[in-house]
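A.B. asks: missing the sequence, but the structure's below:
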Ligand SMILES: NC(=O)c1ccc[n+]([C@@H]2O[C@H](COP(=O)([O-])OP(=O)(O)OC[C@H]3O[C@@H](n4cnc5c(N)ncnc54)[C@H](O)[C@@H]3O)[C@@H](O)[C@H]2O)c1
């Protein structure tokens, strides 16, 4: 039985704590949050205790930590947990600064503990099956990857200000997926972006609509498009085209009911947002983390993957500012 301490009792923290509590191989012993009320509510729900970070990390019964707190706490908590010998599952992104990520990667290597980064989309059953089709050679060598990711609603401007911007906060998931599906590292990034959804996002210094092209050394291409708005729900689709064929994964809808009449055929909307759309992915991610913690698997999404995705996000920021392609 792996005993876990979780940092962060917010939106994603509630999901991970619930998945730990439901897993027969793990127990949620501690919840740590600077918002004491949030920590107490989540701990009470799952029979855990609320403690300070130092006490949790000093407890030898704690074998692993889940870091689901705000982004600006990740690197520090990863380092402290790794130094304490705990296995780590940390939400994306590792940090917003490459220098800070590099220091964190070095600290993790020195500690020799496994770290899993929360790129949950790789654990989605449909996207995992799509990847297996590529690995099994069903589409031949990959030539084009197309990733569509649109949120149902824009976040509040207060969130935008501390998020690190669309490329580091939102598209970072798609950069990770693109690297994974291309099977080669991108060497060039070109970004174009606008503020079309909410002027307050522009006033906060960010964009809300973006198109990015990645190119690998052999010429494979990925096209990623993001929007902070989709009137019909959370739009998450991938298509991978290769020499022998094409494989795609579409949206998951609220129901499978389709109504056909003289006006055409209509169906249900995509599942509303990430908590619903990726519920299975979060469970599979946690199950994988328990395998990693037990030494039976290597992290599918490592801290080096976290670094590589941030590197592409930084290149996209640079490309947008300079209106030119940026070498990675
Ligand atoms: N992989 C995904 O699908 C996904 C989805 C949502 C959020 N995230 C990531 O998860 C993280 C949290 O996002 P959220 O939407 O749950 O945010 P949130 O604001 O709902 O929750 C964050 C929590 O962290 C707490 N916190 C802040 N500083 C802390 C500290 N030093 N120690 C302990 N707790 C602290 C806050 O009080 C808050 O309760 C972010 O880094 C975000 O990028 C990932």
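C.D. replies: Arrived safely. Since the model is a prediction, treat every value here as computed from it, not as a measurement. Residues are numbered from 1 along each chain as shown.
A.B. asks: contacting residues around the closest residue to residue 225 other than its chain neighbours?
C.D. replies: Spatial nearest neighbour of residue 225, chain neighbours left out: residue 211 (4.9 Å); criterion: C-beta to C-beta, 6 or more residues apart in numbering. Placement of C-beta: from N, CA and C, glycine included. Listed by C-beta atoms under 8 Å, 6 or more residues apart in numbering, the contact set of residue 211 reads 191, 192, 193, 223, 224, 225, 226.
A.B. asks: which residue of this structure sits farthest from its center?
C.D. replies: In the chain, residue 262 marks the outermost C-alpha relative to the chain mean, sitting 41.9 Å out by C-alpha atoms, centre = their mean.
A.B. asks: Phi and psi next, for that one.
C.D. replies: Main-chain dihedrals, residue 262, degrees, to the nearest 10: phi -60, psi -20.
A.B. asks: and what of residue 96?
C.D. replies: phi -90, psi -10.
A.B. asks: If you drop the residues flanking it in sequence, what lies closest to it?
C.D. replies: In space, residue 96 comes closest to residue 164 once its chain neighbours are excluded; the distance is 3.9 Å by C-beta to C-beta, 6+ apart.
A.B. asks: For that neighbour, give its distance to the ligand.
C.D. replies: 9 Å (C-beta to the nearest ligand atom, to the nearest Å).
A.B. asks: Does that residue touch residue 98 like I think?
C.D. replies: No - if you go by C-beta atoms under 8 Å, residue 164 and residue 98 don't touch, sitting 11.5 Å apart.
A.B. asks: Which of those two has more residues huddled nearby?
C.D. replies: Per other C-beta atoms under 10 Å, whichever of residue 164 and residue 98 has more neighbours is residue 164, with 21 against 14.
A.B. asks: OK, contacts around that one?
C.D. replies: 71, 93, 96, 313 are the contacts of residue 164 under C-beta under 8 Å, 6+ apart.
A.B. asks: Could I get the residues you listed in a markdown table, plus columns for secondary structure, neighbour count and distance to the ligand?
C.D. replies: A markdown table is the format used below for these (DSSP: H, G, I helix; E, B strand; the rest coil; neighbours: other C-beta atoms under 10 Å; distance: C-beta to the nearest ligand atom, whole Å):
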| residue | secondary structure | neighbour count | distance to the ligand |
| --- | --- | --- | --- |
| 71 | helix | 17 | 4 |
| 93 | coil | 26 | 6 |
| 96 | coil | 21 | 10 |
| 313 | helix | 27 | 12 |
